[in-house]
Structures are given as structure tokens and as C-alpha cells.
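Trainee: What follows is a predicted protein model with its sequence.
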There are 2 protein chains.
Amino acid sequence: MRDFSQDHRWLSINTATVRKSRGVDLPLPRIIEACARRGIRAISPWRDQVAAAGLDTISRLVRTHGMELSGYCRGGMFPAVDAQGLRAARDDNRRAVDEACELRAACLVLVVGGLPGALAGMPAHKDIALARSQVRDGIGELLDYARSMRMPLAIEPLHPMYAAERACINTLEQALDLCDELDPGPSGGEPRTATAALGVAADVYHVWWDPKLKAQIERAGKRRLLAFHVCDWLTPTTDLLNDRGMMGDGVIDIPRIRGWLEDQGFGGYSEVEIFSSNNWWRRDHGEVLDTCIERHRRAV
Amino acid sequence: MRDFSQDHRWLSINTATVRKSRGVDLPLPRIIEACARRGIRAISPWRDQVAAAGLDTISRLVRTHGMELSGYCRGGMFPAVDAQGLRAARDDNRRAVDEACELRAACLVLVVGGLPGALAGMPAHKDIALARSQVRDGIGELLDYARSMRMPLAIEPLHPMYAAERACINTLEQALDLCDELDPGPSGGEPRTATAALGVAADVYHVWWDPKLKAQIERAGKRRLLAFHVCDWLTPTTDLLNDRGMMGDGVIDIPRIRGWLEDQGFGGYSEVEIFSSNNWWRRDHGEVLDTCIERHRRAV
């Protein structure tokens, strides 16, 4: 297992973590510069942050700083109530692939969506099996396009408490079942690529509780382990969305889980992704980034 | 599938649902009387409510009204930091079995516990695998005693968002794996009892999101399906513990899930269990019970 205690070369910052500084929106260029100044070599930006600054600007800035993208957040949100909604999701997801390519992201992260309308508080129906079937079809279709663009897709299973609103893929097992169905392994004669076209993003916040976690990480193997996200689960957790903890402040045994990934050969970044309206978003982003560096060394 | 639209004979009230009336604690005897007046034939009381009124009093009251207990809430909380803590849990769980017998409950519901200290905001460690192994040992030991008293134990898998603080058994599959390990089915010559000594309580709030739900209900079969709890998942959910919804107000397709249980031969009560500090606990308990009756007919 890699020793993280001496430096932070394998730290990536999901830019949601410093979306706000002292409670005020922080533009992505300033985030990138603050990361670069600290020798942080990778980020994972959100589409809305990129759009606000302009794709060209961000693309140039990333290259200027020689920065990598451990992932691009995010595609997905496949379920819809009608054909028009499904088509809109398809078109938007293709644009997300294009942007990820322009930014040379390692993968496009997929938050697959839940019951249509639920995120706005008005779920159109209660048929989660239907939503799941639309997700399968949506990923299958997007995969053809992403494959042609050589952009790996990483399904991110979200914690079951987000099943209604954000993602009806809720365990690594379920995500890997989809991977095996839509992107079966290469057959005898074909070359085995280092990275699968369809894999998973393992975020400790979403999967730490799973009794099958170790077994499913082993099942995924290096080819399908496309991203590793870290933060912590606080006790108590006071908000379902915006109360993620800094690594070391909660109950997740992050080094143990990282060890399971590395046993499979995973050697990528640990991407810090914290939503925290009560705490970190209220602080200065410089302090937050410094804390991420320190905790990456000691608690990841 | 049974028709619930005409009457409420298969409605049971988990007494946490009316723990408070207009924000004030409501004693269990008054809850029982309010249920009896409405022709509600079953309840599932909590130990602290029974203790506050006295076991003898409640036992007499239940018999006077010819009321059944669809379950008794609750045993469990097995993990501890030391031998003394484990012994205290064992002794307390035996008392819970005794009380369940005195009240002629259909089963003792087990909320198995999580990381020791986490419920108080001070988790003693992060080793959820250790907690799970203590749960297995604790249930194994309690099962011997419960079997001798002929009291079935129902493991209730809790939603993964409670894994740290309340229960590290988080899926039906995980619960049934434990059942199969600790209470294997009768071998060739032995009589097959209608109800297993160790089974599960399926609460739609905790399991609705699970992609393997239907398959695991089928695996459980009638013998291990000891209890069925209902309420609803609200979008948005504003509190991790006390924001359960009334059946029909959320996104859970309760009749579909009930159908899966009944396909296995389940013919027991639908037990309404709602914790709701923002809503139902602030109302008058009579109104809440009347709403439970109405929703049981139309949304369960």
C-alpha cells in the first residue's frame, strides 16, 4: 500500500469541496490556482463550475498548470417521464463526454438519477424498478458514444439514502452487475485494456457500510476501479446531503478501504469530495485545502 | 393478496407512532385504550413505554382488550467495548425475551447495534467488522435462551444510514445470511415449524431501496418473515431519524412490497411505525390513529 504520510502527490480535490469560501461562491479558476499553489496535482471539477468559467478557459488553465482530472462530475440523471426527457438526458450526457474529453479527464463520473421529479420534491411515480431499467438503457446507449471517444464511464453507486432523488444504483454489487451486463470482459483473443470502458467510482461515504464492500472491490479489480473518493461519515450526521465530514473526523476506516483497492492494483488519486454547508463551506478555502492536505497524509 | 380496503383488521400500531400527542409524552395505557376504542387489534410497544407503566399493568391491559402484539420493541444493541458491556447487553436482552413472553408477543424485534458509543456521538472505534462479529455472537447466544422460551427473534435490518449508530445489519440479505448460519433449517426427519426461531422484520423504510429486495423476500419465505413494518420515505427527508412519512405520502410502493411477502404466505399484521418529531408527534394521537386506519386501507 502506498505511503501517503510524506507528501500529497496522490491527493485530488473534487472542486465541490471548496465550492464556497467563507460562504461565498468561489469561481473554478481561483480553485485551480489555489490547488496549483499548494502542489495539488489533480482536481475533479463539476460541470456547472466549468460552464460558469467557460470550458476553454478551464481547459487552458488546467494545461497551464499541468493538472490532471481524476474525474469529471458528472453525467447521469437518466430516468425521465417521457421520450423527450430521455432524449434530453442522452444529449446532455454526450455533451458531458465531450467536455470530459476536452479536459482530458480520467473518467466521466455517472450519478445515474432516481425517480423523475423526486429531486424537485415532486416524484412522478414510485416505480424504482422502472427507473433502474431506464438507467441501464441510458448507460448502454451512452457507452457506445463514450467508447468511440475513448472516455471511460464510472458508475458511482450512491448511498441508499439518495435512492429516490439522486441515484437508484446504491451498491457496488449493483453497479458491477451493470458493468458486467453492458461491458463484458474481453474475450479470448482480444487485448485486455488497462482500464475498462465502464467501471465504478468508489466513494467511501456511499459504500463504507456495505457488508459486501471488500468482496465487491475484489470483484471489480483494477480494470473497473476508475475512481476513489474520500471524506468521512459523522456521528451524528445532521443533514442528508450537506454534512459530510473531513477525513479523520468520522467513523469510516478509510485506510482499510484504500488498502482493499490497492490490493487490486489501484494506483490512482484519492479524491476529496466534501459537501458541507454547516462547516467547510463557511471557512476560507485556503484553510480547507490545507486541511485536506494534512488529513490526506494522516487519515487516508 | 389480502384486501385491506374494507377494514383494518390487519393493522398494528407500533406505539412509537403515538409516543407523543400534541408534543407531550403519551403513556402506553392511554395508547392501548385509544387503539382498542378504534378496533385496532394489535400493537407493538417499546420497552421504555412498558417500563414506565409497569409490565404487569400493560400485560393486564393487553389481555383485557384481547389485543395481540405483532412484535416487541426491542432487543439488540449487542456490540460493546469490553466483556462487561457484552454481558450487560446479554442480560438485558434476556430480560427483553422474558417481557416479550409475558406480553405474548409474536416476536422480539432486534435492532442489533452499531459501533459502541456512536449513538452517544463518541464512537469507540471504526471497526464495523468487529461490531458485526459481536452481533453474530450475541444473537447466537440469545437464540439459545429465546428458543428455550419459545420466543422468535426477528432481526430488523436498518437502513444503511443507521449503520454507525443503531444497526450494522443493513440489508435483508445480510440478516438472512445470519439466520441461515445461526438457525439452519430443520434437517430431514425434524418437524418443520410454521415460524423459524430466528427470522427477520422487514420494514419498508429500511429496505425499499434494495435492488435485491424481492429476491431476498423470496429467500426468506414464510418461516422467516416474522414482521412487516410500514411507513413512507419522504422527498425530501429532512432528518435522518425523525422524518418518516405516513403511508401514501412518500415514494415507497408499499402494496407491491406487501404483495411480495404475501406471495410467500405471509399473513400477519402491517405494523405502522412512524417517528416524526416535525409532524405526527405534534398532532393529537386520535387524529394520528385515524389517519393510520385510513392510510392502511388505501396505501398499504
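Mentor: Noted; the coordinates are in hand. Note that the structure is predicted; figures quoted are calculated from it, not measured. Numbering: from 1, shown residues only, chains lettered A, B, ... in the order given.

Trainee: So A:Val251 lies in a strand, does it not?
Mentor: No. Under DSSP: H, G, I helix; E, B strand; the rest coil, A:Val251 sits outside any strand and is assigned coil.

Trainee: per-residue confidence at it?
Mentor: Predicted confidence (pLDDT) for A:Val251: 98.

Trainee: What of A:Pro186?
Mentor: The model's pLDDT for A:Pro186 equals 71.

Trainee: Same question for A:Val207.
Mentor: Reported pLDDT for A:Val207: 98.

Trainee: got it, and A:Glu190?
Mentor: Value listed for A:Glu190 in the pLDDT field: 66.

Trainee: mind listing what A:Phe266 touches?
Mentor: Shown in contact with A:Phe266 (CB atoms under 8 Å, 6 or more residues apart in numbering or on different chains): A:222, A:225, A:228. The way it works is simple: take the backbone N, C-alpha and C, and place the C-beta from them, glycine included.

Trainee: Please list the residues of the stretch 51-200 of chain A that sit near chain B.
Mentor: Contacts of the stretch 51-200 of chain A with chain B, taken as CB under 8 Å from any CB of the partner chain, map to A:115, A:118-119, A:121, A:123, A:126-128, A:132, A:159-161, A:163-165, A:168, A:170-171, A:174.

Trainee: all helices for chain A, in order.
Mentor: Here chain A has its helices, by DSSP state H, at A:28-37, A:47-53, A:55-64, A:83-102, A:128-148, A:172-182, A:204-207, A:213-224, A:254-263, A:285-299.

Trainee: Most tightly packed of the ones you listed?
Mentor: Of all those, helix A:204-207 has the most neighbours on average by mean count of other CB atoms under 10 Å in any protein chain shown, namely a mean of 24.

Trainee: right, and A:Arg9 touches A:Ile40 too?
Mentor: No. If you go by CB atoms under 8 Å, A:Arg9 and A:Ile40 don't touch, sitting 9.2 Å apart.

Trainee: Show me which of these two is the more surrounded one.
Mentor: A:Ile40 (24 against 13; other CB atoms under 10 Å in any protein chain shown).

Trainee: What separation do you get for the more buried one and chain B?
Mentor: 26 Å (CB to the nearest CB, to the nearest Å).

Trainee: contacting residues for that residue?
Mentor: Neighbouring residues of A:Ile40 by CB under 8 Å, 6+ apart: A:8, A:11-13, A:289, A:293.

Trainee: separation between it and A:Gly267?
Mentor: 18 Å (CB to CB, to the nearest Å).

Trainee: contacting residues for A:Arg297?
Mentor: A:4-8.

Trainee: And the pLDDT for the residue nearest the centre of chain A?
Mentor: Nearest residue to the geometric centre of chain A (CA atoms, centre = their mean): A:Val109, 4.9 Å. Note on A:Val109: pLDDT of 98.

Trainee: I'd assumed A:Trp233 was in contact with A:Gly245.
Mentor: Yes. Contact criterion CB under 8 Å: A:Gly245 and A:Trp233 qualify, at 6.5 Å.

Trainee: So those two - more neighbours on which side?
Mentor: A:Trp233 (24 against 20).

Trainee: how close does the residue nearest to that one when sequence neighbours are not counted get to A:Arg295?
Mentor: Residue nearest to A:Trp233 in three dimensions, not counting chain neighbours: A:Gly250, with 4.4 Å by CB to CB, 6 or more residues apart in numbering or on different chains. According to CB to CB, A:Gly250 stands 11 Å off from A:Arg295.

Trainee: can you tell me the residue of the stretch 201-300 of chain A closest to chain B?
Mentor: Nearest residue of the stretch 201-300 of chain A to chain B, counting by CB to the nearest CB: A:Trp209, 3.7 Å away.

Trainee: Distance of that residue relative to A:Val81?
Mentor: From A:Trp209 to A:Val81 the distance is 31 Å (CB to CB).

Trainee: Those two: which has the busier surroundings?
Mentor: A:Trp209 (25 against 13).

Trainee: Settle this for me: the more buried one is touching B:Arg166, isn't it.
Mentor: No. A:Trp209 is beyond contact range of B:Arg166, at 11.5 Å (criterion: CB under 8 Å).

Trainee: For burial, what's the neighbour tally of the residue nearest to A:Gly267 when sequence neighbours are not counted?
Mentor: Distance criterion CB to CB, 6+ apart; nearest residue to A:Gly267, sequence neighbours excluded, is A:Arg2 at 7.2 Å. A:Arg2 has 12 neighbouring residues, counting by other CB under 10 Å.

Trainee: Who are the contact partners of A:Arg2?
Mentor: A:10, A:262, A:267.

Trainee: where does it land on pLDDT?
Mentor: Predicted confidence (pLDDT) for A:Arg2: 97.

Trainee: Does A:Leu182 touch A:Leu143 like I think?
Mentor: Yes. Here A:Leu182 reaches A:Leu143: they are 5.8 Å apart, a contact under CB under 8 Å.

Trainee: what do these two both touch?
Mentor: A:Leu198.

Trainee: Any stretches of the stretch 51-200 of chain A with poor pLDDT?
Mentor: Counting by pLDDT under 70, the ranges of the stretch 51-200 of chain A that qualify are A:187-192.

Trainee: can I get the CA coordinates of stretch A:25-36 in PDB?
Mentor: Backbone C-alpha positions of stretch A:25-36 (Å, rounded to 0.1, in the frame of the first residue of the first chain) are rendered in PDB as follows:
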ATOM      1  CA  ASP A  25     -19.300  31.000  -4.300                       C
ATOM      2  CA  LEU A  26     -15.700  30.500  -5.400                       C
ATOM      3  CA  PRO A  27     -15.000  30.600  -9.100                       C
ATOM      4  CA  LEU A  28     -13.300  27.500 -10.500                       C
ATOM      5  CA  PRO A  29     -10.200  29.400 -11.900                       C
ATOM      6  CA  ARG A  30      -9.500  30.600  -8.300                       C
ATOM      7  CA  ILE A  31      -9.900  27.000  -7.100                       C
ATOM      8  CA  ILE A  32      -7.500  25.700  -9.700                       C
ATOM      9  CA  GLU A  33      -4.900  28.400  -8.800                       C
ATOM     10  CA  ALA A  34      -5.200  27.700  -5.100                       C
ATOM     11  CA  CYS A  35      -4.700  24.000  -5.700                       C
ATOM     12  CA  ALA A  36      -1.700  24.600  -8.000                       C
END
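
Trainee: For the closest residue to A:Ala194 other than its chain neighbours, report the pLDDT, please.
Mentor: Spatially, and ignoring its direct neighbours in sequence, A:Ala194 is nearest to A:Arg223 (7.0 Å; CB to CB, 6+ apart). Note on A:Arg223: pLDDT of 96.

Trainee: Contact partners for A:Arg223?
Mentor: A:185, A:192-196, A:199.

Trainee: wait, the residue nearest to the centre of chain A sits on A:Pro152?
Mentor: No. Look at A:Val109 against A:Pro152 with CB under 8 Å: they stay out of range, at 10.0 Å.

Trainee: and A:Ile217, what does it touch?
Mentor: If you count contacts by CB under 8 Å, 6+ apart, then A:Ile217 has A:172, A:202, A:225, A:257, A:260-261, A:264 around it.

Trainee: Closest one of those to B:Asn93?
Mentor: Nearest to B:Asn93, judged by CB to CB, of these is A:Ile257 at 31.4 Å.

Trainee: what's the closest one in contact with, if anything?
Mentor: A:202, A:204, A:207-208, A:213, A:217.

Trainee: go with 6 Å
Mentor: Counting by CB atoms under 6 Å, 6 or more residues apart in numbering or on different chains, A:Ile257 touches A:Val204.

Trainee: same thing with A:Ser21?
Mentor: A:Ser21 touches A:284-285, counting by CB under 6 Å, 6+ apart.

Trainee: mind redoing it with 8 Å?
Mentor: A:Ser21 neighbours (CB under 8 Å, 6+ apart): A:281, A:283-286, A:288.

Trainee: and those residues, which two are the farthest apart?
Mentor: Longest span within the contacts of A:Ser21, CB to CB: A:Trp281 and A:Gly286, 13.6 Å.
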